[in-house]
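# the following comprises the amino acid sequence and a computationally predicted model.
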Amino acid sequence: MNFTLKIWRQRDAHSKGEFKEYKVTDISSDTSFLEMLDILNNDLVHKGEEPVAFDHDCREGICGMCSLHIDGHAHGPSQAVTTCQIYMRQFKDGATITVEPWRSAAFPVIRDLVVNRGAYDEILQAGGFVSVRTNSVPDGNAIPIPQADAEESMDAAACVGCGACAATCKNGSAMLFVAARVSSLAKLPQGRVEGARRAKSMVAKMDELGFGNCTNTGACQAECPKGISIAHIARLNREFLAAKLED
Amino acid sequence: MGCFLTNSSLGRKLVMSISGCFLVLFLLFHMAMNVVALIGDGSAYNVICGFLGANWYALVGTAVLALGVLVHFVYAFILTWQNRKARGNVRYAVTVTEKGVDWSSKNMLLLGVIVILGLLLHLTHFWSKMMLVELMGQHANNLGLAPTDGAALIQYTFSQWYNVVLYLVWFAALWLHLNHGVWSMFQTVGWANDTWLPRLKCIAKLVSGLIFLGFAVVAVVFYIKSLCPCC
């Protein structure tokens, strides 16, 4: 398969970026999108040009490191997968593919397609600790947790913190990420203890870092590689407002 | 509390939700009132107009309503300004409409501005010829109608085709705005989950559809009446 790639190139955070066109040829349909970029980079290095910088790590959809806005979609055209899980057979032979970095004021471009997602780490840190018993291993059934609650908590915990939600949102809002973090702990007795403080601190940090206000468009949910539901945003709203009313 | 309603993103959204809920309730009341104009010769509607003239409770109601509109409008501009800033200066070269995302949810400010412009037109057509005339101590408006003769004013306004078109555009914008707004206000206060989100979206469609039809039918019926006085 052959493709024309329009890739955003930017030397560093302070430089002006622009799109550059590259041709990749004889690409196997079973090549993953990131492997295709590896092949392009190999060609560029052989030609003595700078390779395209992009984030990646586990390449099996669990680390949240890969990003990329491909043809208008965060993590490409497929539903509920990360960029590392898309394959070239999902594109038409001869297609022109536009690849951009996440665009959000809170995620500044570091180089080419790499953005600084440290803002999400800061929100996570603001969430603080969870009270758990140390010493000997507690009995597995000491704290009964209803199956539905455990499932809901795990659904929220599936968030890999990739930043697709804020990158997709027209308001640059990080609500789906914060909601997933708050919700996964709020549904469990272990995380319940600090629930109110956690919701308030994470929302305050999110606002402080300049993320936008959620307007419930649902675009984040549609583009989330882990299919996190905006119902978790409703829970975050509930947790936050209840905590504020108790103040 | 005051700080949280202005300083926190979730607080600001709460203000939008509560003020929006108040305005939806008012629209339901106004729509129900308008439908009365279709009954009989309009005297039943004029009784309601008499109740809602320059009385202290109607004036307090109008002031509270104006405050609700103002808060909703001002907060909408503040939120949109902050959201544009959060989005950053460089925009995507390629954009798409994500699966399951309504056009109206991404264009609430545009729809809101159309609604406000329609409201200004509506206040010129009706409020300035009814309550304002009474407040000025006059017994007839510039059309020579009594300020409590709402039925005749409706008949006059909707006998002009361009008014009917303008009002229908206004109602359509309101319909789209509420299609998103009604379920969104429940989501914002946290009264939603995976079971209730589809239900709330369905309720939003019913409420917005009812409000649109209730308002539109009055404009259309009075226009038809003006074409055919025997109807």
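Nice, thanks for sending it over. Just so it is clear, the model here is predicted, and its values are computed rather than measured.
# quick one, what contacts residue B:61?
Residue B:61 makes contact with residue B:52 under the criterion CB atoms under 8 Å, 6 or more residues apart in numbering or on different chains. (C-beta placed from N, C-alpha, C; glycine too.)
# so what pLDDT did it get?
Looking at residue B:61, its pLDDT stands at 93.
# same question, residue B:231
Residue B:231 carries a pLDDT value of 63.
# tell me where chain A has helices.
A:33-46, A:118-127, A:147-157, A:164-168, A:175-186, A:189-192, A:195-208, A:219-223, A:231-246 (DSSP state H).
# for these, which has the smallest mean pLDDT value?
Among the helices of chain A, helix A:189-192 carries the lowest mean pLDDT (a mean of 88).
# what's it in contact with?
Contacts for helix A:189-192 (CB under 8 Å, 6+ apart): A:130-132, A:143, A:145, A:184-186, A:198.
# any buried residues in it, and which?
For helix A:189-192, a neighbour-count test (16 or more other CB atoms under 10 Å in any protein chain shown) marks residue A:191 as buried.
# quick check: buried residues in the lowest-mean-pLDDT helix or strand in chain B?
Within chain B, confidence by mean pLDDT, DSSP states H and E is lowest for helix B:2-7 among all helices and strands, at a mean of 83. Residues of helix B:2-7 classed as buried: B:4-5 (neighbour count, 16+ other CB under 10 Å).
# repeat for stretch B:5-24
Neighbour-count burial for stretch B:5-24 [16+ other CB under 10 Å]: B:5, B:8-24.
# what's the answer for stretch A:127-141, then?
residue A:127.
# now residue B:71, nearest residue through space, not along the chain?
Among residues not flanking residue B:71 along the chain, residue B:19 sits closest, at 4.8 Å (CB to CB, 6 or more residues apart in numbering or on different chains).
# how close does the one you found sit to residue B:67?
9 Å (CB to CB, to the nearest Å).
# give me the pLDDT value at the spatially most central residue of chain A.
Closest to where the C-alpha atoms of chain A average out (CA atoms, centre = their mean) is residue A:162, at 2.0 Å. With respect to pLDDT, residue A:162 has a value of 97.
# for the closest residue to it other than its chain neighbours, give me phi and psi.
Spatial nearest neighbour of residue A:162, excluding adjacent residues (CB to CB, 6+ apart): residue A:64 at 4.1 Å. Main-chain dihedrals, residue A:64, degrees, to the nearest 10: phi 80, psi 10.
# domains of chain A?
Domains of chain A are assigned by automatic domain parsing as A:3-110, A:118-246.
# out of those, which is the most enclosed?
domain A:118-246 (a mean of 20; mean count of other CB atoms under 10 Å in any protein chain shown).
# endpoints of it, how far apart?
From its first residue to its last, domain A:118-246 covers 31 Å (CA to CA, to the nearest Å).
# turn the helices of chain A into a markdown table, including distance to residue B:103.
What follows is the helices of chain A, written out as a markdown table (distance: least, CB to CB, whole Å):
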| stretch | distance to residue B:103 |
| --- | --- |
| helix A:33-46 | 29 |
| helix A:118-127 | 29 |
| helix A:147-157 | 28 |
| helix A:164-168 | 16 |
| helix A:175-186 | 21 |
| helix A:189-192 | 38 |
| helix A:195-208 | 27 |
| helix A:219-223 | 12 |
| helix A:231-246 | 20 |
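# just checking, the residue nearest to the centre of chain A touches residue A:67?
Yes - counting by CB atoms under 8 Å, residue A:162 sits close enough to residue A:67 to count as a contact (6.1 Å).
# does residue A:165 really touch residue A:174, like I thought?
Yes - between residue A:165 and residue A:174 there is a contact under CB under 8 Å: 6.6 Å.
# identify the residues contacting residue B:37.
By CB under 8 Å, 6+ apart, the neighbours of residue B:37 are B:45, B:150-151, B:154, B:218, B:222.
# find the nearest non-adjacent residue to it, please.
residue B:45 (4.0 Å).
# just the element for the one you found, please.
Following DSSP states H and E, the helix or strand that holds residue B:45 is helix B:43-51.
# number of nearby residues for residue B:151?
21 (other CB atoms under 10 Å in any protein chain shown).
# so how far is chain A from it?
40 Å (CB to the nearest CB, to the nearest Å).
# residue A:59 touches residue A:84, doesn't it?
Yes - between residue A:59 and residue A:84 a contact is recorded at 4.4 Å, counting by CB under 8 Å.
# residues contacting the most far-flung residue of chain B relative to its centre?
Distance to the chain centre peaks in chain B at residue B:93, reaching 35.5 Å (criterion: CA atoms, centre = their mean). Residue B:93 is in contact with A:6, A:19, A:98, A:100, counting by CB under 8 Å, 6+ apart.
# show me which of those is closest to chain B.
residue A:98 (4.7 Å; CB to the nearest CB).
# how close does that closest one get to residue A:35?
The gap separating residue A:98 from residue A:35 is 19 Å, by CB to CB.
# likewise for residue B:152?
Residue B:152 sits 76 Å away from residue A:35, going by CB to CB.
# cool, residue B:190 as well?
Distance from residue B:190 to residue A:35, by CB to CB: 43 Å.
# try residue B:219
Residue B:219 sits at a distance of 61 Å from residue A:35 (criterion: CB to CB).
# cool, and residue A:21?
Distance from residue A:21 to residue A:35, counting by CB to CB: 20 Å.
# contacts only, for residue B:121.
B:166, B:170.
# now do 7 Å
By CB atoms under 7 Å, 6 or more residues apart in numbering or on different chains, the contact list for residue B:121 reads residue B:166.
# am I right that it is in a strand?
No - the assignment for residue B:121, made by DSSP: H, G, I helix; E, B strand; the rest coil, is helix rather than a strand.
# number of nearby residues for residue B:140?
Residue B:140: 12 surrounding residues under other CB under 10 Å.
# check contacts around it.
Neighbouring residues of residue B:140 by CB under 7 Å, 6+ apart: residue B:146.
# cool, residue B:157 as well?
B:125, B:163.
# mind redoing it with 8 Å?
B:125-126, B:163, B:222.
# alright, I will stop here.
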